[in-house]
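Enquirer: Sequence first, predicted model second:
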Amino acid sequence: MKLTKKRKESLSKIDKDKAYSLQESSQLVKDITLTKFDASVDLSVRLGVDPRKANQMVRGTVSLPHGIGKSVTVLALVTPDKEEEAKAAGADYVGLDDYINQIQGGWTDIDVIITMPQIMPKIGRLGRVLGPRGLMPNPKSGTVTDNIGEAVTQVKAGKIDFKVDKYGIISSTIGRASFSDDKLFENATELLQTINRLKPSAAKGTYFKSVYISSTMSPGIKIDTKSIPGI
């Protein structure tokens, strides 16, 4: 594949054989981002786990101190008595049966769905639509709860959920290229420390196999895992 001029410029700023500190890489990822739009900045974390085994699954939520720099669109599927609570907390769409019917018709123009335990039986049949898009509410991610207002507020403030894939990798957005390097560093640290706390007791050997940071269309920068605070 022929490298573009911009791609060559980005690659020239990175030593592919070097593992950079988390602080260094938080600045470097901004330097190699050459898109005209405000690119997202992402972490890719390869863990020493076997996600095929239930006792080595890693999933959780984290509230990033600086959010991800993107307005999150929230749908609250709630009973009528909870509608005002959801609206007051900032949910973009609030209701129940009408939205369930829209989703069955293919509508998924949302980022997060928050609902209540008693409504999950109704939502279960939407799994075929919501599952592949990562939109299915789950108690472990805090999106199935009776505390609707609190859940909406947290998601709007930058709470994200993550899950290791079948290859043992967690990929997550931690901000935008317009963020200061300190904000990217602090968001990355919060995510990595959270993943570290969730280390399964059944996981043996090296837990953090590799960590890379990149932005949209940029090459990845390898991070020295020893430089991550608190790990």
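Expert: Done, it's in.
Enquirer: middle-most residue in this protein, spatially?
Expert: Against the mean C-alpha coordinate of the chain, by Cα atoms, centre = their mean, the closest residue is residue 172 at 3.9 Å.
Enquirer: Can you report phi and psi for that one?
Expert: Dihedral pair for residue 172: phi -150, psi 140, per degrees, to the nearest 10.
Enquirer: cool, residue 17 as well?
Expert: phi -90, psi 0.
Enquirer: which secondary element of the chain has the worst mean pLDDT?
Expert: The helix or strand of the chain with the lowest confidence, counting by mean pLDDT, DSSP states H and E, is helix 5-12 at a mean of 69.
Enquirer: helix or strand right after that helix?
Expert: Following helix 5-12 in sequence order, the next helix or strand is helix 22-31 (DSSP states H and E).
Enquirer: Who are the packing partners of the following helix or strand past that following helix?
Expert: Next along the chain after helix 22-31, taking DSSP H and E as the criterion, comes strand 40-47. Applying 3 or more Cβ pairs under 8 Å, 6 or more residues apart in numbering; DSSP states H and E, we find strand 40-47 packed against strand 169-176, helix 181-197, strand 208-215. Placement of C-beta: from N, CA and C, glycine included.
Enquirer: could I get the ones you listed as JSON lines with mean pLDDT and distance to residue 138?
Expert: What follows is the helices and strands packed on strand 40-47, written out as JSON lines (pLDDT from 0 to 100; distance: least, Cβ to Cβ, whole Å):
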{"stretch": "strand 169-176", "mean pLDDT": "95", "distance to residue 138": "16"}
{"stretch": "helix 181-197", "mean pLDDT": "97", "distance to residue 138": "17"}
{"stretch": "strand 208-215", "mean pLDDT": "96", "distance to residue 138": "25"}
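Enquirer: So for residue 27, which of those sits nearest?
Expert: Proximity to residue 27, assessed across these by Cβ to Cβ, is greatest for helix 181-197 (4.0 Å).
Enquirer: ok and the closest one relative to helix 22-31, angle-wise?
Expert: Interaxial angle of helix 181-197 relative to helix 22-31 (axes from the mean of the first three to the mean of the last three Cα atoms, to 10 degrees): 130 degrees.
Enquirer: Figure out how far helix 181-197 is from the centre of its chain.
Expert: Remark: helix 181-197 is offset 12 Å from the chain centroid, using Cα atoms, centre = their mean, to the nearest Å.
Enquirer: any residues touching it, and which ones?
Expert: 22-23, 26-27, 29-30, 41, 43, 45, 47, 58, 60, 62-66, 68, 162, 170, 172, 174-175, 179, 207-208, 211, 213, 228-231 (Cβ atoms under 8 Å, 6 or more residues apart in numbering).
Enquirer: re earlier: not counting sequence-adjacent ones, nearest residue to the residue nearest to the centre of the chain?
Expert: residue 162 (4.9 Å; Cβ to Cβ, 6 or more residues apart in numbering).
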